[in-house]
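Participant: Below are the sequence and a predicted model; questions follow.
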Amino acid sequence: MSSSESSMSSMLLTLSNNLADTVEQVGRCVVAVNVRGSHRGHWRSRISSSGIHWRSGIIITSDETIKRSEEITVTLADGRTVSVTVLGRDATTDVAVLKLQDVDLPVAEIGDASTLKVGHLVLALAQGKENGVTASMGVVSAVGDAWRSMSGGLIDQFLRPDLNLYSGFPGGPLVEVTTGKVVGMNTSGPRNMALTIPASTVNRVLDQLLSKGRIGRGYLGLGMQPVRLPDTLKSTLNLDSTGGVIVINVEPNGPADKAGVMIGDVLVAMDGKPVSDTGDVQALLGTQSVGKTLKVQLVRGGALVELAIAVGEK
């Protein structure tokens, strides 16, 4: 064997050992989440996902995987199975918070997902009820700016690892290989694509759930649907937007009703930003919008009208 081949073999052995050590260390902080619920009158138990011992006594897992289960337990790395209670959940970011009582379990070391770049090596971990910790290795295939889930939840960073999420992997950690730190919680995206909810989002949601028991979201009390604006109307009113949202329902005594919004109004701008579909409206109604007064531009009877709506809490 040449010196270069020997050097490469030594580097690979070192990398392999480091990966195994990382899996072993972080795996102690990962649990299997078991749910038990009724289905057509029969009780069924199953392993739904993994979970991360995020803070002392606090386990984070995927909200989608536990759904409306009547009973939840977790299996620890040492094989013990213990009961947990649900402290809170936010379906819009897929974060569920479970309370672990009086169990000695290592806490994961949390890192910063914003330091990740495309090409960085990462590990996804899961905990099985019988097989112990399992791992899947890949690279970060895409990073991006903040985005919103289909249900309106704000995710601080788009993060997609290129690895296989096997059964039980959702809810488990994404680990940055060089530091061994947990940078987020893995979840299944469209067509079973792996996505990661970054640690900053998990911490933000967790803090709100622990302090309030819920995630407060802005509320207008409107039923809306997208609509296109005629070119003549856009020209007459000097509007840049190609569309808006037409009001089809106004909740009595709701924030929009109190502000004077009427059925048939077409919202074209909120808080100085164009509105062309309901997603644009939802994007402005995050937690930070509660109690805030938003200036709204709408078309009523062919004229442009401005109103101010004090955002309520849903």
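Facilitator: Perfect, thanks for sending it. These figures come from a predicted structure and were not determined experimentally.

Participant: pLDDT (mean, whole number) over stretch 209-222?
Facilitator: Stretch 209-222 carries an average pLDDT of 85.

Participant: for that stretch, how far is the first residue from the last?
Facilitator: Criterion CA to CA, to the nearest Å; first-to-last residue distance in stretch 209-222 is 26 Å.

Participant: In it, which residues are buried?
Facilitator: Buried residues in stretch 209-222, defined by neighbour count with 16 or more other CB atoms under 10 Å: 209, 215-222. No exception for glycine: its C-beta is placed from N, CA and C like everyone else's.

Participant: In this structure, which helix is the longest?
Facilitator: Longest among the helix segments of the chain by residue count, using DSSP state H, is helix 3-27.

Participant: Okay, buried residues for it please.
Facilitator: Buried residues in helix 3-27 (16+ other CB under 10 Å): 19, 22-23, 26-27.

Participant: from the middle of its chain, how far away would whichever helix or strand comes after that helix be?
Facilitator: Sequence-wise, the next helix or strand downstream of helix 3-27 (DSSP states H and E) is strand 30-39. For strand 30-39, the separation from the chain centroid amounts to 20 Å (computed by CA atoms, centre = their mean, to the nearest Å).

Participant: coming back round to it: mind listing which of the buried residues of stretch 209-222 are in strands?
Facilitator: Members of the buried residues of stretch 209-222 lying in strands (criterion: DSSP state E): 218-219, 222.

Participant: Out of these, which comes closest to P255?
Facilitator: Minimum distance to P255 across these is 6.5 Å, recorded for Y219 (CB to CB).

Participant: how far away is the most centrally placed residue in the chain from E24?
Facilitator: Central residue of the chain (CA atoms, centre = their mean): T93, 2.6 Å from the mean position. T93 sits 30 Å away from E24, taking CB to CB, to the nearest Å as the criterion.

Participant: and if you look at G291?
Facilitator: As judged by CB to CB, G291 and E24 stand 48 Å apart.
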